[in-house]
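**Student:** how would this look folded up:
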Amino acid sequence: MMAVPIAALVSRHPGALASGIRRDLRAVVHQSHLDPAVIQTGDVVIGTLPVHLAAEVCQRGERYFNLTLDLPEAMRGQGLSSDELSAFGARPEEFRVVSLAQPSN
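**Tutor:** This next block holds a predicted model:
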């Protein structure tokens with residue numbers, strides 16, 4: 001896997017920084033919440049963002065990588081360790097998210 005230069009790893013999982021995902025990233029800034037207003041040109045965001053925030057990152061012309069997991073329903077809502085993230089196949093997958101909503105006048 002090619003290294004992904006990122007500005008922010010947005011995750012509430014304590015194992016996210018220590019997981020195998022980390023080896024493919026550089027310049028990691030860990031955040032539990034993303035304020036899209038701080039995204040700057042050239043930034044890359046990886047995480048599990050709500051779709052409207054992922055769309056805002058993409059609308060600004062920046063790259064969004066979803067932290068994709070093959071997570072069983074029983075494990076949802078838990079802070080996952082590095083080993084658990086690896087076991088559930090955690091991987092960054094790039095998406096371009098576009099809002100189809102019309103701007104309000």
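**Student:** residues contacting Phe65?
**Tutor:** Contact analysis of Phe65 by Cβ atoms under 8 Å, 6 or more residues apart in numbering lists Val4, Ile6, Val44, Val45, Ile46, Gly47, Pro92, Glu93, Glu94, Phe95. (Glycine included, C-beta is placed from N, CA and C.)
**Student:** need the three-state assignment for it.
**Tutor:** State at Phe65, reduced to three classes by DSSP: H, G, I helix; E, B strand; the rest coil: strand.
**Student:** returning to what we had before: pick out whichever of the contacts of Phe65 sits closest to Glu56.
**Tutor:** Val45 (10.0 Å; Cβ to Cβ).
**Student:** you'd agree that closest one is in a helix?
**Tutor:** No - using three-state DSSP, the secondary structure at Val45 is strand, not a helix.
**Student:** quick check: buried residues in stretch 61-80?
**Tutor:** Within stretch 61-80, the residues scored as buried using 16 or more other Cβ atoms under 10 Å are Glu62, Arg63, Tyr64, Phe65, Asn66, Leu67, Leu69, Leu71, Leu80.
**Student:** equivalent analysis for stretch 47-61, please.
**Tutor:** Result for stretch 47-61 [16+ other Cβ under 10 Å]: buried residues Gly47, Leu49, Leu53, Ala54, Ala55, Glu56, Val57, Cys58.
**Student:** I'd like those written out as JSON lines, with pLDDT added.
**Tutor:** Formatted as JSON lines, the buried residues of stretch 47-61 follow (pLDDT from 0 to 100):
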{"residue": "Gly47", "pLDDT": "83"}
{"residue": "Leu49", "pLDDT": "86"}
{"residue": "Leu53", "pLDDT": "89"}
{"residue": "Ala54", "pLDDT": "92"}
{"residue": "Ala55", "pLDDT": "93"}
{"residue": "Glu56", "pLDDT": "90"}
{"residue": "Val57", "pLDDT": "90"}
{"residue": "Cys58", "pLDDT": "92"}
